[in-house]
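Novice: got a structure for you, letters missing:
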Ligand SMILES: Cc1ncc(C[n+]2csc(CCOP(=O)(O)OP(=O)(O)O)c2C)c(N)n1
Ligand SMILES: Cc1ncc(C[n+]2csc(CCOP(=O)(O)OP(=O)(O)O)c2C)c(N)n1
Ligand SMILES: [Mg+2]
Ligand SMILES: [Mg+2]
């Protein structure tokens, strides 16, 4: 176990991937000389050279599509789209090619592609640079969508994705990169099927992922002295959702709150709420609540950005209200 | 009242828009000489000339962005993106410019733009040409999203959108274009805030929109002799959702089924289910059910495409099951 | 030749000439039959015919080796056939039958054959170009001398992906042949109304790329130009933009009422029919007799009939297979990947909840 | 001049020369101050400095009229200031204050001023080009003689939107000036590693568009070239691609450790500093004395101080206004539009449900 940042954990994963399989290469804007917009790939150019650490032009559609093509051609590309904001420019390639080619070709092709991108708000980058489109990607059949929230997962889920024969999209919340924690570099690739209970509790289930895990755990701690024991589920895998884990927890707590940085309407939280409706309606003592981002382009000013995003204080407040309703 | 097809109703709306306001122009691939991929604009080039009926190159991002720019410049552009499938290429412009410019500029700008597109499956066009991304657009603050399901609405909602100072996205389900019905061309612009009850009933609320309205009404009819009176809500407006209309109906029926051609996970149906959870949990006698498309790239072969999409028979079956659970 | 051009036939063997003619004829007849089958409701969805453009696919494929890759568009029957896909597997696909090359899931716009290294069949205009760049990159990274040939239309040249792909391929010196089939129309929009610079091959300069235009109605010219281009690519010089100037004789798709072009223009181009003119050239050069042609034609007609029969009698994919192949099941049944595929499957299937089992 | 170039100053008035110098100096000092304020935590988010490139914005703006439009990028402080935006409103915006030009919602990357026809401040690389095309289209359709000037970097040239926008603007002969600020880097990627053809203005040919390159370190050259380009556009000839060759002296953003370029290269370019060299030129031509310069500098420093004061004392936007301006309230309070805006607002706010009111 060594202490490292989330960014270093990603780098460690990339490094191991590149060392262990020569079909692996990394490509994206500024992954090479610059060292990655978030410094995740710093040093990799020196170790692996420009053929395997490829700086691309600003051409999201072309280089993501080229990743798909290279995967078809027998490589194991890891494509870094700098942030989810720019991934809109590559969405056609991801939806209509990466996710679709296998089924549409009658099972002839497969696309073992990893696309990594930073996501989320919180750094005062304003409306065009603060998106959370995880829910959109989680909507698309053919994709596996991951959201590592811990440093161990940042490394382990990347490595697990490498053995997948189909496209995997990995969301790294930009606020997590400086997060320090112990990482076991000897650990096997992470499980990428299951959600994980990060804190046990019996009064309410808090369901979250990615950049919101920290806030949710903080809220859960603050709820303890108020007499509410919250169970915190880190979804980890956004597609396919681990519905069983959610329902199991609710069969114990009978209450649930979903914390999701996406805009409320059409959020991933909506999907989770709907699944709980379908799978645990009779278990519920109160309606499932969602805490999401306000429905507004995320503003630059700190106090306004804070007001737009889910915060621990809001979670505490909503949970308290919810637990006050006794059935 | 005259009988016309949905496509003719769209054309009638376009015509009136172009006649009544000289700032209005129509632009898109093949809207001019070809007459529109779905023949919605046939004849308009002859009446309004090439300055106002503009054929564009295959450049979805540029011509949608140009529509935004033209709106900023004082025009009232109606941009036709041939189908929602190609709109992915223009999504960056819609999300990061059209939807965002007003708020991000501190209220200085507004973007009175209409983007029309055909949506949906059912014509055996296979995976890349059968998408339903209404839910994605309905996720984005700053957009108004409409889904006219009737011929009157096809015309009236387009005209209503013209007086909006902010961007409106209109989804025309491609299966509806040949639909014949009476249209009142003297009617005022349609209401674009409210959902509409297309059939009253007291046993269950069926919530749907666009291309699924017909199937849902058929199912509702088939349910009558089985002793189930279904109320059918046509959402019409996908953003902002008319939650009040949904909750009101459920306070009467206490049961709801949502029919939505989008893929199930992350569908608009999920959002509606979540809103019912939040707003009418204590009114429900049974969990809300969703009938959506199977989570698969839509296949070409007719029997497979049919199997992938919501069908009236499935609706009947699910509603029957749901109504069998008495609380 | 009908248009009076002099063709250099020196070095053209009878066998090769016949093969070219046979392939063009086969494509022509398959397309005609498809149109007919569409009209009587055997083929559905979109159907984009290649009639008039046969010389491009047939000429170009001659220059490619079995392990080269092909990426194509929704107007790809010609490319598929010229690459060697069996008419039966193409026709069955258009019928939506499980013996179709894509199990009936793709239809006319999505022909795939991984054995022939035929990577589809892409219905998003411009969407295939980045794939070709990636296939080229894989070849380069693995030190293979394969060439990836990417077919696309003049309309695709308008899309941003054209620009991004050519830049990327040239920058990285990738072995990709960008082959633009300029048939002068993007659906109903004429070239001069969708491109400000109508000399497509000249756009190569914007990328420091080699470009050339060739008469796309002349199969030998296309073969020669493609051969040169492919040689240059294989020699390590990076990509090549080849513009084949051609014309589609039929409507854009079966939905198109062709309001946007004059019949006279179409008739003018039909005089340059690549099939008829090549046959005439061969006859003039005594490489083909009237009887030979009849025999060829008869063979082709038989092939088409066989294809239709295969499509007619082919099985439908069982509905239970709907979710199959959304994800790849892993080779070993106990592997993690397999469970991920299963997890996807499970997640995709929703059910109504059970009544509360435990007390609150 | 420091780099020994001979500048033609004939016809240059002292007033105009001073105005150019004052603006460049103002931009330089605002940028330096911004960097300082960023370091001490007054400015947040991304901050992209224009230092080194001042001659481009200042030179180009001289050619534009008050009713011309400007579309810019996230590196746009220079354009905003040169267009006449008050340093206070720019600085307050960077502070996130409500007296900022965008009410503090945009920050450094999103300066807007509709009065100055300054349309932002776009942080998606290439995202501004289609907007400029549309503004140009509106001008053309309304018979106005305005020109839309669109600034973008060499990196934006890689994006598909560059290609699509230039084609569209040329095809439709729209009055748009595409002004590429080629500073030789897209973030950390040097020009020759992101473009296969590094002569950007030469790409104009791919669109039958007029293109020209100009020394972007020379404010007079930029002014002259832009004036010619704008005249040609106003004369009805359609768009123009002007490439200003320049260099950024600072890091890409405040996050950038500049691992990708040599200090020596930067030092070399700094010798061509547009501000210092222009001042030197004016002194050499006796259009400026040492004292004049000091006075100018003092004026600029005072302006910057005022701007900082305005930002420091400016109010924060109230949190209650968070959802304001997502939609436009209609002019008349009873109008339908207003209710749609209200419906959006209502829909955006979720609440917990009431207990069941009616029996089942
Ligand atoms: C991105 C995208 N936009 C629009 C369409 C609709 N469409 C299909 S084919 C076509 C014309 C394409 O023209 P071209 O590239 O010249 O190919 P051709 O049909 O002439 O072979 C259009 C507009 C599409 N399939 N994809
Ligand atoms: C579509 C998109 N991709 C990536 C980025 C991240 N990014 C911001 S600036 C930049 C470099 C742009 O370079 P250039 O256009 O030359 O402008 P410069 O910064 O040199 O002024 C990159 C990659 C972005 N903002 N938008
Ligand atoms: Mg064409
Ligand atoms: Mg640059």
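Specialist: Okay, I see it. Computed from a prediction, not measured in an experiment: that's the story for all the values here. Ligands and ions are numbered 1, 2, ... in the order given.

Novice: the strands in the chain, which residues?
Specialist: Looking at chain A here, since you left the chain open. A:2-5, A:24-28, A:53-55, A:76-83, A:114-119, A:144-146, A:168-173, A:180-183, A:196-199, A:204-208, A:230-234, A:237-239, A:256-263, A:289-293 (DSSP state E).

Novice: Correction: the question concerned chain C.
Specialist: C:69-71, C:148-153, C:176-182, C:185-186, C:189-190, C:210-215, C:240-245.

Novice: Do a quick rundown of the helices in the stretch 151-300 of chain C.
Specialist: For the stretch 151-300 of chain C, helices defined by DSSP state H, counting those that start in this stretch occupy the ranges C:160-171, C:191-194, C:219-232, C:263-270, C:274-284, C:290-313.

Novice: Most tightly packed of those helices?
Specialist: Among the helices of the stretch 151-300 of chain C, ranked by average contacts under mean count of other CB atoms under 10 Å in any protein chain shown, first place goes to helix C:160-171 (a mean of 29). From N, CA and C alone the C-beta is placed, and that goes for glycine too.

Novice: Residues contacting the top helix by length along chain A, please?
Specialist: When chain A is scanned for its longest helix (criterion: DSSP state H), the result is helix A:6-20. Residues outside helix A:6-20 that contact it (CB atoms under 8 Å, 6 or more residues apart in numbering or on different chains): A:4, A:24-26, A:38-44, A:47-48, A:52, A:76, A:78, A:116, A:151-152, A:154-156, A:158-159, A:162, A:172, A:176-179, A:181, A:183, A:185.

Novice: go on, stretch C:29-48?
Specialist: In contact with stretch C:29-48 (CB under 8 Å, 6+ apart) are residues B:123-126, B:129, B:300, B:302, C:49-51, C:74-75, C:77-78, C:81, C:87, C:90-91, C:94-96, C:107-109, C:123, C:250, C:252-255, C:300-301, C:304, C:307-308, C:311.

Novice: give the contact list for residue C:203.
Specialist: C:157, C:166, C:197, C:211, C:241, D:206.

Novice: Does the second one touch residue C:205 like I think?
Specialist: No: with contacts counted by CB atoms under 8 Å, residue C:166 stays clear of residue C:205, the gap being 10.8 Å.

Novice: Nearest residue to the closest residue to ligand 1 within the stretch 251-360 of chain C in space, please, no chain neighbours.
Specialist: Ligand 1 sits closest to residue C:252 of the stretch 251-360 of chain C, with a gap of 5.8 Å, by CB to the nearest ligand atom. Nearest residue to residue C:252, sequence neighbours excluded (CB to CB, 6 or more residues apart in numbering or on different chains): residue C:187, at 4.9 Å.

Novice: circling back: pretty sure the residue of the stretch 251-360 of chain C closest to ligand 1 sits against residue C:184.
Specialist: No: in this structure, residue C:252 is not within contact of residue C:184 by CB under 8 Å, at 11.8 Å.

Novice: Quick check on these two: which one has the bigger neighbour count.
Specialist: Taking neighbours as other CB atoms under 10 Å in any protein chain shown, residue C:252 and residue C:184 compare with residue C:252 leading, 24 against 18.

Novice: which phi and psi does the more buried one have?
Specialist: Torsion angles at residue C:252 (phi, psi; degrees, to the nearest 10) stand at phi -60, psi -50.

Novice: can you pull the contacts of it?
Specialist: Neighbouring residues of residue C:252 by CB under 8 Å, 6+ apart: C:48, C:185, C:187-188, C:258.

Novice: switch to 7 Å and redo it
Specialist: C:48, C:187-188 (CB atoms under 7 Å, 6 or more residues apart in numbering or on different chains).

Novice: how close does it sit to residue C:125?
Specialist: For residue C:252, the distance to residue C:125 equals 12 Å [CB to CB, to the nearest Å].

Novice: Check residue C:66 too.
Specialist: 28 Å.

Novice: Could you report the neighbour count for residue A:20?
Specialist: 10.

Novice: returning to that earlier point: show me which pair in the contacts of residue C:203 is furthest apart.
Specialist: Using CB to CB, these span at most 14.0 Å, a distance reached by C:166 and C:197.

Novice: Right, and ligand 3 sits closest to which residue of the stretch 251-360 of chain C?
Specialist: Of all residues in the stretch 251-360 of chain C, residue C:252 sits closest to ligand 3, at 8.3 Å by CB to the ion.

Novice: Now for the closest residue to residue A:107 other than its chain neighbours: which residues touch it?
Specialist: Excluding the flanking residues, the one nearest residue A:107 by CB to CB, 6+ apart is residue C:325, at 3.8 Å. Going by CB under 7 Å, 6+ apart, residue C:325 touches A:102-103, A:106-107.

Novice: Write out the residues of chain C neighbouring chain D.
Specialist: C:158-164, C:167, C:170-171, C:195-197, C:203, C:205-209 (CB under 7 Å from any CB of the partner chain).

Novice: Apply 10 Å and report the result again.
Specialist: Chain C has residues C:126, C:157-173, C:192-200, C:202-209, C:238-239 near chain D, with proximity defined as CB under 10 Å from any CB of the partner chain.

Novice: again, but for the stretch 101-250 of chain A
Specialist: So far as CB under 10 Å from any CB goes, the stretch 101-250 of chain A lies against chain D at A:123-130.

Novice: give me the low-pLDDT residue ranges for chain C?
Specialist: C:1-7, C:330-338, C:350-360 (pLDDT under 70).

Novice: how about the residues of chain C that lie near ligand 2?
Specialist: Nowhere does chain C come near ligand 2, counting by CB under 6 Å from any ligand atom.

Novice: Would you pull up the residue in chain C closest to chain B?
Specialist: Going by CB to the nearest CB, chain B is nearest to residue C:188 of chain C, at 2.9 Å.

Novice: Wait, that residue touches residue B:33, no?
Specialist: Yes: Residue C:188 is within contact range of residue B:33, at 5.2 Å (criterion: CB atoms under 10 Å).

Novice: Centroid-nearest residue for chain C?
Specialist: The structure's chain C has its C-alpha centroid closest to residue C:76; by CA atoms, centre = their mean the separation is 2.9 Å.

Novice: how about that one, what does it touch?
Specialist: C:48, C:50, C:57, C:70, C:82-83, C:85, C:90, C:108-112, C:118, C:120-123, C:128, C:151 (CB atoms under 10 Å, 6 or more residues apart in numbering or on different chains).

Novice: redo that, cut-off 7 Å
Specialist: C:111, C:121.

Novice: Same question for residue A:307.
Specialist: D:319, D:322.

Novice: re the thing from before, could you tell me which of the contacts of residue C:325 are located in helices?
Specialist: A:102-103.

Novice: quick check, nearest of the contacts of residue C:325 to chain B?
Specialist: For the contacts of residue C:325, the nearest to chain B is residue A:103 (4.6 Å; CB to the nearest CB).

Novice: what's the angle from the longest helix seen in chain C to helix C:219-232?
Specialist: Ranked by residue count and defined by DSSP H, the top helix of chain C is helix C:14-39. Put simply, helix C:14-39 runs at 110 degrees to helix C:219-232, going by axes from the mean of the first three to the mean of the last three CA atoms, to 10 degrees.

Novice: Just checking helix C:14-39 against ligand 1, any contact.
Specialist: No: on the criterion CB under 6 Å from any ligand atom, helix C:14-39 is out of touch with ligand 1, staying 13.1 Å away.

Novice: that older thread, for ligand 1, state which of the contacts of residue C:203 is nearest.
Specialist: residue C:157 (7.4 Å).

Novice: contacting residues for the closest one?
Specialist: C:180, C:195, C:200.

Novice: Likewise for residue C:82?
Specialist: Contacts for residue C:82 (CB under 7 Å, 6+ apart) come out as C:23, C:27, C:57-58, C:61.

Novice: Please look at residue A:173 and residue A:212 and confirm they touch.
Specialist: No: the pair residue A:173 and residue A:212 does not pass the contact test of CB atoms under 7 Å, sitting 8.1 Å apart.

Novice: of these two, who's got more company?
Specialist: More crowded of residue A:173 and residue A:212, by other CB under 10 Å: residue A:212, with 34 against 27.
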